[in-house]
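> Below are the sequence and a predicted model for it; my questions follow.
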Amino acid sequence: MKIAVLTSGGDAPGMNAAIRAVVRAGEVYGHEIFGVKDGYQGMIDDIMIPLNHQSVSGMLSLGGTFLGTSRAPEFLKEEVRQKAVDNLKNRGIEALIAIGGDGTYRGAMDLAKMGLKTIGLPGTIDNDIAGTDFTIGFHTAVETIVDAIDKLRDTSTSHQRCSIVEVMGRHCGDLALFAGICGGAEFIITPENPMNKEEIISKLKQHKKEGRRHAIIVITEKILNVYEFADEITQKSGFASRATVLGYIQRGGSPCPEDRILGSRMGAYAVELLNDGVYGVCVGVRDERMVHLPFSNVVGQSRPKNELYKLVKKVS
Ligand code: F6P
């Protein structure tokens, strides 16, 4: 079978491990693999490269995605998707493995309806995909954030400050939750765990009275303006506060072992599904095991509130 693979949406460490596994597992079963450049845009523009064992050599430890990625709003149009499908068909490609987040899955689900044998792999640092415990890239981003929190605590303690750390996640608080716990944050504010500003300020006043030298607040992006919040804390709590927006640094870097393993497992599993004639599904890991679900069960669905929130109440 001729199989195409692409990465789409925000890049995530471990995407290269997944592509590599698709190529290597594909070769074992005698498939021909094509890498689509720059996500769905490359499918529209018909830019694809043949991939073999050698072309993915050295990719396991590389951050980002060597195929490139994009957000392709044009892909929402049916005639554009039809052109993209025709491009694959003209090359004799029957199947597509699309690695990305919810937007990527929506595109893949639409392509499946148009007759392409499509498999989705969850690749996003946000960990916001239903049907999987973890997405490729999440663990590396958590490590990056924890490293930043550790550094911010050094300077916050020296200056007796409260540091607000804004992290990515879009509408999902998992990055803030996991990194906040690992970094010993005093407060973790996420869409799933909103916190009242007044309550935080009053607790910070108390911390100040107790002689605590630092406080860390980890907050998911898009909740409030962290610079304004820092000023408010400074004025009202007596704890001088500074805000740091970590931004795109969270998406970069060499994937950690968990993401290399997850990407490799998911890439190989996707090929096995195609071997078994299973498609129109997306892959996940649940309780350490590979699973797959129809796109319709996953796209647009939110994940249940993480069990770790119970821990936050006890230790922060
Ligand atoms: O990849 C997911 C994500 O990093 C979100 O956390 C963030 O809101 C978004 O991408 C930023 O995307 P863009 O690269 O389009 O600015």
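That came through fine.
> Tell me the backbone dihedrals of the residue in the stretch 101-250 of the chain positioned nearest to the ligand, please.
The stretch 101-250 of the chain approaches the ligand most closely through Met168 (3.2 Å), counting by CB to the nearest ligand atom. For every residue, glycine as well, the C-beta is placed using N, CA and C. The phi and psi values for Met168, taken as degrees, to the nearest 10, are phi -80, psi -170.
> pretty sure it is in contact with Ile125, am I right?
Yes: Met168 is within contact range of Ile125, at 6.3 Å (criterion: CB atoms under 8 Å).
> what's around the closest residue to the ligand within the chain, how many residues?
For the chain, the residue closest to the ligand is Gly10, as judged by CB to the nearest ligand atom, at 2.1 Å. As a burial measure, Gly10 scores 23 neighbours (other CB atoms under 10 Å).
> Same question for Gln41.
20.
> mind listing what it touches?
Ser70, Ala72, Glu74 (CB atoms under 8 Å, 6 or more residues apart in numbering).
> switch to 7 Å and redo it
The neighbours of Gln41, taking CB atoms under 7 Å, 6 or more residues apart in numbering as the test, are Ser70, Ala72.
> Likewise for Glu27?
Asn52, His53.
> On the three-state scheme, it is what?
helix (DSSP: H, G, I helix; E, B strand; the rest coil).
> ok, which residues in the protein are in contact with the ligand?
The chain has residues Gly9, Gly10, Arg71, Thr124, Ile125, Asp126, Met168, Gly169, Arg170, Glu221, Arg251 near the ligand, with proximity defined as CB under 6 Å from any ligand atom.
> May I ask which of these has the most neighbours?
The residue in those with the most neighbours, by other CB under 10 Å, is Ile125 (31 neighbours).
> How about that one: what's its closest non-neighbour residue?
Closest residue in space to Ile125, ignoring its immediate chain neighbours: Ala141 at 3.8 Å, by CB to CB, 6 or more residues apart in numbering.
> Equivalent analysis for Phe138, please.
Asn127 (4.1 Å).
> which sections of the protein are below the confidence cut-off?
314-316 (pLDDT under 70).
> Would you state the strands of it in chain order?
Along the chain, the segments classed as strands by DSSP state E run 2-7, 32-36, 48-51, 95-100, 117-122, 161-167, 187-189, 215-220, 240-245, 281-286, 289-294.
> Quick check: the gap between Ile125 and Leu76.
From Ile125 across to Leu76, the span is 24 Å (CB to CB, to the nearest Å).
> Could you break this protein into its assigned domains?
2-137+255-301, 139-251 (the TED database).
> residues in contact with the biggest helix by length in the chain?
Secondary structure assigned by DSSP state H gives helix 138-159 as the longest helix of the chain. Where contact means CB under 7 Å, 6+ apart, the residues beyond helix 138-159 that reach it are 13-14, 125, 127, 162-163, 165, 167, 174-175, 178-179, 182-183, 185, 213-214, 216, 218, 244, 246, 249-251, 253, 255-256, 258-259.
> ok, of the residues you listed, which come out buried?
Among those, those classed as buried by 16 or more other CB atoms under 10 Å are 13-14, 125, 127, 162-163, 165, 167, 174-175, 178-179, 182-183, 185, 214, 216, 218, 244, 246, 250-251, 253, 255-256, 258-259.
> gap between the residue of the chain positioned farthest from its centre and Leu51?
Within the chain, the residue lying farthest from the chain centre (CA atoms, centre = their mean) is Lys209, at 39.4 Å. Separation of Lys209 from Leu51 (CB to CB) stands at 61 Å.
> coming back round to it: can you tell me how far the residue nearest to Phe138 is from Thr140?
Here Asn127 is placed at a distance of 11 Å from Thr140 (CB to CB).
> what does Leu88 give?
Distance, Leu88 to Thr140, by CB to CB: 31 Å.
> Ala21 too?
Using CB to CB, one obtains 17 Å as the distance from Ala21 to Thr140.
> With Ile200 instead?
Look at Ile200 and Thr140: by CB to CB, they are 29 Å apart.
> Neighbour count: those two, which is higher?
Neighbour count, other CB under 10 Å: between Ile200 and Thr140, Thr140 has more, with 25 against 22.
> check contacts around Thr132.
Residues counted as contacts of Thr132 (CB under 7 Å, 6+ apart) are Pro122, Gly284, Val285, Arg286.
> What degree of burial does the nearest residue to it once chain neighbours are set aside show, as a neighbour count?
Counting by CB to CB, 6+ apart, Thr132 lies nearest to Gly284, which is 3.0 Å off, once chain neighbours are set aside. Other residues lying near Gly284 total 23 when counted by other CB under 10 Å.
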